[in-house]
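Peer 1: model this:
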Amino acid sequence: MPYYYTLGNIPHKRHTQFRKPDGSLYSEQLFSTEGFSDDSSLLYHHHPPTRIIKTDKPEDVTPRIAEEKMLRHRSFEGFHIKPKKDFLESRNAVLTNIDCTIVLAAPQSGTSTYFYKNADADEVIFVHEGSGTVTTQYGELAFGYGDYIVIPRGTIYQINFNDENNRLFIIESHHPIRFPKKYLSKYGQLLEHAPYCERDIRPPQNLKTFDEQGDFIIKTKKRNMLYGIHYGHHPFDVVGWDGCCYPYIFSIHDFEPITGRVHQPPPVHQTFETNAFVICSFVPRLFDYHPQSIPAPYSHSNIDSDELIYYVDGDFMSRKNVTRGMITLHPAGIPHGPHPGAVEKSIGAKETKELAVMVDTFRPLMLTQAALDIENENYIMSWAE
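Peer 2: So this is what the prediction gives:
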C-alpha cells in the first residue's frame with residue numbers, strides 16, 4: 001500500500017456536497033480494491049464516470065498455451081521479441097498461470113489515440129529500455145530505465161514514450177501488489193530495516209483536468225477479452241483526489257541491498273509481494289565478508305515455487321552466456337544452482353554489478369507459443385559441461 005496522498009482540490013469531508021464554480025456538483029467516485037475492505041481513493045470528476053455512449057465487439061487476447069506441464073530448466077531470449085508500433089499489440093504473454101502473466105513488450109509508440117484499463121490485474125511494468133510518461137486520472141508519472149511502474153487494476157491510463165527504443169518486462173497480477181509485510185509496521189509505515197522507504201516511492205504529479213465532451217475509447221481488458229468502451233467525456237476530468245490506492249513508481253536503483261558475512265538467501269532481495277508470488281530485485285552490492293565465504297549462491301531445491309529471473313544488466317557469476325533481456329525459468333521440483341566452475345571462480349570476489357528482476361510463483365507457470373519462439377533449447381544441458 002502506498003502512503004496517503006492527495007492532489008488537486010477536494011472537499012473538507014468525504015461524501016459531502018462539492019460544487020463547481022457554476023454551482024453544479026462534482027461527481028465523486030470511490031476507487032477501491034477488495035471491495036470496501038482495503039485500500040481506496042476518492043476522485044472528483046466534472047462528469048459521472050459512467051456515461052457510456054457505445055461499445056465495440058470484444059477481442060480475445062487469451063495467451064496461447066503451448067506447454068501446460070513440464071519439469072526442466074528453460075531459458076528465453078527476451079530481446080528476440082520483435083518491436084511493434086502499438087503498445088497493446090507489442091505485449092507478448094510468455095508465461096502464465098491462474099495468478100499472474102509474464103509479458104515482454106517492445107513498443108515503438110504509446111496509446112495517444114486511446115486509453116487502456118486492465119480490469120483484471122494489477123500491472124508492474126519494469127522499464128528495461130526507454131523513457132516517457134504515464135498519464136492517469138491521478139496525474140502524471142515520468143519514467144525511465146530501471147523503474148517499476150505499479151498500476152492498480154482498474155486504473156485508466158495512457159503511456160507515451162520519448163522515442164521508439166523501448167523494452168518492457170511486465171507482470172500482470174490477479175492479486176494486489178503490496179509492500180512485503182516484513183517491512184511494515186502494524187500501522188503500515190516502512191520500517192528502518194526495509195531496503196527502501198516512502199521517500200523512494202514516486203506518486204503522481206502534475207494533475208491536469210480535461211473537461212471535454214466527445215467520443216473517448218477506453219480499451220478495457222476483462223477475463224482475457226479486450227473491450228472497446230466509448231465514453232462521452234474525457235476520462236481525465238478529475239479536479240482532485242485523495243487516498244492510498246493510486247499508481248506509483250519505485251526505481252530498482254533505489255533498492256538498498258541487504259548483505260552479510262555469508263551468502264544471503266533470496267528473500268533479502270524481496271521488493272513486492274502478493275498472496276501467490278513475490279517480486280525481488282538483484283542490484284549491485286558488496287559480496288559476503290566472512291574470510292571463507294563463497295559468494296556464489298548454493299544449489300537449492302525450490303520445491304514449492306517456480307523461479308523466474310529476468311536479466312537486466314551487469315555480470316552474473318552463477319550463469320554462463322547471460323544476455324540482456326534473458327529469462328531463466330527453474331520450475332518447482334528439481335534443484336538448480338550455479339553453472340559448473342562458477343562456485344570456485346566466485347571465491348575472492350568483492351562485489352557484483354548485476355541487475356535483475358526475480359519472480360517466484362507459488363503455482364506452476366505455463367509456457368506460451370511466444371515463449372517457445374524465443375527459447376534457448378539447450379539450456380537444460382548447461383550444467384553437464
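Peer 1: okay, CA-based contacts and neighbour counts for the rest of this
Peer 2: Will do.
Peer 1: Where does the prediction get shaky in the chain?
Peer 2: Where the chain drops to pLDDT under 70, the residues are 1, 317-318, 385.
Peer 1: Which stretches in it count as helices?
Peer 2: In the chain, the segments counted as helices under DSSP state H are 342-346, 369-372.
Peer 1: can you tell which of these is closest to T33?
Peer 2: Proximity to T33 (CA to CA) singles out helix 369-372 among the helices of the chain, at 31.4 Å.
Peer 1: ok, and what's touching that closest one?
Peer 2: Contact with helix 369-372 is made by 64-66, 76, 92-95, as judged by CA atoms under 8 Å, 6 or more residues apart in numbering.
Peer 1: same question, stretch 98-113
Peer 2: 78, 81-87, 90-96, 158-161, 163-175, 276, 363.
Peer 1: Kindly recompute the last result at 6 Å.
Peer 2: 83-87, 90-95, 158-160, 164, 166-174 (CA atoms under 6 Å, 6 or more residues apart in numbering).
Peer 1: What subset of those is buried?
Peer 2: 83-84, 87, 90-95, 158-160, 164, 166-174 (16 or more other CA atoms under 10 Å).
Peer 1: Mind listing the residues bridging to the residue positioned nearest the centre of the chain?
Peer 2: Central residue of the chain (CA atoms, centre = their mean): V124, 1.2 Å from the mean position. Here V124 sits in beta bridges with V150, I171, going by DSSP bridges.
Peer 1: For it, which residues are in contact?
Peer 2: Neighbours of V124 in contact, by CA under 6 Å, 6+ apart: 149-150, 170-171.
Peer 1: Closest to N376 out of the residues you listed?
Peer 2: Checking the contacts of V124 against N376 by CA to CA gives I170 as the nearest, at 20.7 Å.
Peer 1: Quick check: the closest one touching V127?
Peer 2: No: using CA atoms under 6 Å, I170 makes no contact with V127, being 8.6 Å away.
Peer 1: Residues in contact with stretch 30-44: which ones?
Peer 2: In contact with stretch 30-44 (CA under 6 Å, 6+ apart) are residues 27-29, 238-245.
Peer 1: how about a cut-off of 7 Å?
Peer 2: Stretch 30-44 is contacted by residues 26-29, 238-245 when judged by CA atoms under 7 Å, 6 or more residues apart in numbering.
Peer 1: from the chain's centre, how far out does that stretch sit?
Peer 2: In terms of CA atoms, centre = their mean, to the nearest Å, the centre of stretch 30-44 is set 20 Å apart from its chain centre.
Peer 1: ok, back up a step: TSV please, covering the contacts of V124 and showing distance to G314.
Peer 2: Formatted as TSV, the contacts of V124 follow (distance: CA to CA, whole Å):
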residue	distance to G314
I149	22
V150	24
I170	20
I171	22
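Peer 1: ok, back up a step: any of the contacts of stretch 30-44 buried? List them.
Peer 2: Looks like the contacts of stretch 30-44 have 26-29, 238-245 buried, using 16+ other CA under 10 Å.
Peer 1: what about E34, neighbour count?
Peer 2: Using other CA atoms under 10 Å, E34 is surrounded by 10 other residues.
Peer 1: how far away is it from N206?
Peer 2: 28 Å (CA to CA, to the nearest Å).
Peer 1: likewise Q189?
Peer 2: Distance of Q189 to N206, given as CA to CA: 25 Å.
Peer 1: what's the answer for H233, then?
Peer 2: Applying CA to CA to H233 and N206 gives a distance of 20 Å.
Peer 1: Then L95?
Peer 2: The spacing between L95 and N206, counted by CA to CA, is 36 Å.
Peer 1: go on, G188?
Peer 2: Between G188 and N206 the computed distance is 26 Å (CA to CA).
Peer 1: before we move on, what about H193?
Peer 2: For H193, the distance to N206 - CA to CA - is 32 Å.
Peer 1: now Q158
Peer 2: 15 Å.
Peer 1: which ones are touching P176?
Peer 2: P176 makes contact with 122, 274, according to CA under 7 Å, 6+ apart.
Peer 1: Give me the phi and psi angles of it.
Peer 2: Dihedral pair for P176: phi -60, psi 140, per degrees, to the nearest 10.
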